[in-house]
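J.: Starting from these lines, generate the structure:
(4 chains)
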2 protein chains.
Amino acid sequence: MPIDWNVRGGGDVVSATREDKKTATRARIAKAGLELFVERGYDATTVDEIAEAAGIARRTFFYYFKTKDEVLLAWHGAGAVSSGLVSAMLRQSTEQAPFDAGKACIIDLAARYETEESKAMDALMRSSASLRARKDATEVQLESDMADAMVMMWPDPARRAELRMASMIAVGVLRLSLEEWRGDDSANTLTATLERHFSDLERHILRT
Amino acid sequence: MPIDWNVRGGGDVVSATREDKKTATRARIAKAGLELFVERGYDATTVDEIAEAAGIARRTFFYYFKTKDEVLLAWHGAGAVSSGLVSAMLRQSTEQAPFDAGKACIIDLAARYETEESKAMDALMRSSASLRARKDATEVQLESDMADAMVMMWPDPARRAELRMASMIAVGVLRLSLEEWRGDDSANTLTATLERHFSDLERHILRT
DNA sequence: GGCAGAATTCGCACTGAGTGCAACTTGGGG
DNA sequence: CCCCAAGTTGCACTCAGTGCGAATTCTGCC
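T.: Coordinates of the predicted model:
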């Protein structure tokens, strides 16, 4: 999502109000949508209802969101996580193995998932088949974002495949850990679950 | 997809014609749909057109397929691959590490992907966002199918996490290899690409 | 052969997502 | 204050998918 700053000749931002208002409206729609989804389920909520709750016309909804499921995905999902991932990766040392850097980033990012909201969103995602597919796709996206971030750190073309593999495994462990953690009533933290799975991995598969 | 044999009291199958006809109709619809998809694209093909090409009423289409994208997925995708996976897994020795068994199964299965049809289907899948999401989801499904098959081989509950991890990595390598192979004009076989990626993995990540 | 009951097919009407278009409103710059 | 562009809206339309009930086509059985 390219940022389109409203920059003009002089050097100072002429008018941010317009952008601000748009952002606020988008947020209002998202909030209304999410509340309705949680309250009555994704499928049972119509775009008309979201629009009404947000105080806009049905047509305007589609001006802000291309599709209904984008409301869910836009929440603070892929976008925020991926950008957080890139900055976390850039903070890593190139001395270590790419996989270890990926592991560190994943653990760094875990906090973003460790919220009640995140659990609620996840439950929502599981309620509809098309939604579940979209969710899986965002995880695949995260994987390729991590690979891209790694390429910035280790630009050697000969290592591309290694980087893809490392990010695949790191994100895979995140996926497994999230699944287990979410289905687990106990008070285990996600970070602890991650650590355990990473060390399992190292013990049984990596055979270091 | 549970097989529903029409078995009655006596012991012999009374009537297979009904089932046969249904199967044939389903195949006819799928064929018509696939041809239209290839010819003019997924989004540009309507259910009405598929129904007409298959010589049935629109409503009947939905009696055979729950959704339009199911025509694509039903082709010979997840179902056949997953069942092939299970039998390939059962042929493995429990003496080896689960990951090695997974690797062997993946290589065993590679032939199923190594067809022109498979490439065409893949191109179709990439043509629409919702379709791509569905495709990613089938790969996630394959991963959990492999994990389930592994559980049959190594039932020890203490090893569950290891099995999940092993199947995640094995399927991940398949995913990477498919991607590279499909985007590659040269005559490299999928099997060769797989072998190379598995050995890369062992060299750089597994550190054996 | 003919009949009762089922499985299958179909038409129809409906809901809801998403789009194209044209008109209308609003807000900021000159 | 006027102009222009951005933002907003209503309307009409296409298409996927569903519920329901009627019509048609088997299948087993007498």
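J.: Would you map the helices across chain A?
T.: A:17-40, A:47-54, A:58-64, A:68-74, A:78-90, A:98-113, A:116-125, A:129-153, A:160-182, A:190-200 (DSSP state H).
J.: Let's have those helices in JSON lines, adding mean neighbour count and mean pLDDT.
T.: Yep, even glycine has a C-beta here, placed from its N, CA and C like the rest. What follows is the helices of chain A, written out as JSON lines (neighbours: other Cβ atoms under 10 Å in any protein chain shown; pLDDT from 0 to 100):
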{"stretch": "helix A:17-40", "mean neighbour count": "15", "mean pLDDT": "91"}
{"stretch": "helix A:47-54", "mean neighbour count": "17", "mean pLDDT": "97"}
{"stretch": "helix A:58-64", "mean neighbour count": "15", "mean pLDDT": "97"}
{"stretch": "helix A:68-74", "mean neighbour count": "20", "mean pLDDT": "90"}
{"stretch": "helix A:78-90", "mean neighbour count": "16", "mean pLDDT": "82"}
{"stretch": "helix A:98-113", "mean neighbour count": "21", "mean pLDDT": "91"}
{"stretch": "helix A:116-125", "mean neighbour count": "15", "mean pLDDT": "84"}
{"stretch": "helix A:129-153", "mean neighbour count": "19", "mean pLDDT": "89"}
{"stretch": "helix A:160-182", "mean neighbour count": "22", "mean pLDDT": "91"}
{"stretch": "helix A:190-200", "mean neighbour count": "18", "mean pLDDT": "92"}
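J.: want to try a markdown table for those helices, with distance to DNA strand C as columns?
T.: Below are these laid out as a markdown table (distance: least, Cβ to the nearest atom of the strand, whole Å):
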| stretch | distance to DNA strand C |
| --- | --- |
| helix A:17-40 | 4 |
| helix A:47-54 | 4 |
| helix A:58-64 | 4 |
| helix A:68-74 | 4 |
| helix A:78-90 | 17 |
| helix A:98-113 | 26 |
| helix A:116-125 | 14 |
| helix A:129-153 | 9 |
| helix A:160-182 | 25 |
| helix A:190-200 | 31 |
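J.: Between those helices, which one is closest to B:Ala187.
T.: Distances from B:Ala187 to each of the helices of chain A were compared by Cβ to Cβ, and the smallest falls on helix A:160-182, at 19.5 Å.
J.: helices or strands up against that closest one?
T.: Applying 3 or more Cβ pairs under 8 Å, 6 or more residues apart in numbering or on different chains; DSSP states H and E, one finds that helix A:160-182 contacts helix A:98-113, helix A:116-125, helix A:129-153, helix A:190-200, helix B:160-182, helix B:190-200.
J.: Just the C-alphas of that helix, formatted as PDB.
T.: As requested, the backbone C-alpha atoms of helix A:160-182 are provided in PDB (Å, rounded to 0.1, in the frame of the first residue of the first chain):
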ATOM      1  CA  ARG A 160      18.000 -16.800  -2.400                       C
ATOM      2  CA  ALA A 161      16.700 -20.400  -2.000                       C
ATOM      3  CA  GLU A 162      18.200 -20.600   1.500                       C
ATOM      4  CA  LEU A 163      16.400 -17.400   2.500                       C
ATOM      5  CA  ARG A 164      13.000 -18.600   1.100                       C
ATOM      6  CA  MET A 165      13.500 -21.800   3.000                       C
ATOM      7  CA  ALA A 166      14.400 -20.100   6.300                       C
ATOM      8  CA  SER A 167      11.400 -17.800   6.200                       C
ATOM      9  CA  MET A 168       9.100 -20.700   5.300                       C
ATOM     10  CA  ILE A 169      10.200 -22.600   8.300                       C
ATOM     11  CA  ALA A 170      10.200 -19.600  10.700                       C
ATOM     12  CA  VAL A 171       6.700 -18.600   9.600                       C
ATOM     13  CA  GLY A 172       5.600 -22.200   9.700                       C
ATOM     14  CA  VAL A 173       6.600 -22.400  13.400                       C
ATOM     15  CA  LEU A 174       4.600 -19.200  14.000                       C
ATOM     16  CA  ARG A 175       1.600 -20.800  12.300                       C
ATOM     17  CA  LEU A 176       1.800 -24.000  14.400                       C
ATOM     18  CA  SER A 177       2.400 -22.100  17.600                       C
ATOM     19  CA  LEU A 178      -0.500 -19.700  16.900                       C
ATOM     20  CA  GLU A 179      -2.800 -22.700  16.300                       C
ATOM     21  CA  GLU A 180      -1.800 -24.500  19.400                       C
ATOM     22  CA  TRP A 181      -1.900 -21.400  21.600                       C
ATOM     23  CA  ARG A 182      -5.300 -20.300  20.400                       C
END
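J.: ok, which residues in chain A are in contact with chain B?
T.: Listed as neighbours of chain B in chain A under the rule Cβ under 8 Å from any Cβ of the partner chain: A:99, A:130, A:132-134, A:136-137, A:139-140, A:159, A:161-162, A:164-166, A:168-169, A:172-173, A:175-176, A:197, A:200-201, A:204-208.
J.: JSON lines please, covering the helices of chain A and showing distance to B:Ser87.
T.: Putting the helices of chain A into JSON lines (distance: least, Cβ to Cβ, whole Å) gives the following:
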{"stretch": "helix A:17-40", "distance to B:Ser87": "41"}
{"stretch": "helix A:47-54", "distance to B:Ser87": "46"}
{"stretch": "helix A:58-64", "distance to B:Ser87": "48"}
{"stretch": "helix A:68-74", "distance to B:Ser87": "36"}
{"stretch": "helix A:78-90", "distance to B:Ser87": "37"}
{"stretch": "helix A:98-113", "distance to B:Ser87": "33"}
{"stretch": "helix A:116-125", "distance to B:Ser87": "32"}
{"stretch": "helix A:129-153", "distance to B:Ser87": "25"}
{"stretch": "helix A:160-182", "distance to B:Ser87": "25"}
{"stretch": "helix A:190-200", "distance to B:Ser87": "28"}
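J.: of all these, which lies closest to DNA strand D?
T.: In terms of Cβ to the nearest atom of the strand, the element of the helices of chain A nearest to DNA strand D is helix A:58-64, at 3.2 Å.
J.: can that closest one be found next to DNA strand D?
T.: Yes. Judged by Cβ under 7 Å from any atom of the strand, helix A:58-64 and DNA strand D are in contact via A:Arg58, A:Arg59, A:Thr60, A:Tyr63, A:Tyr64.
J.: can you give me the offset of that helix from its chain's centre?
T.: Once both centres are worked out by Cα atoms, centre = their mean, to the nearest Å, helix A:58-64 turns out to sit 24 Å from its chain's centre.
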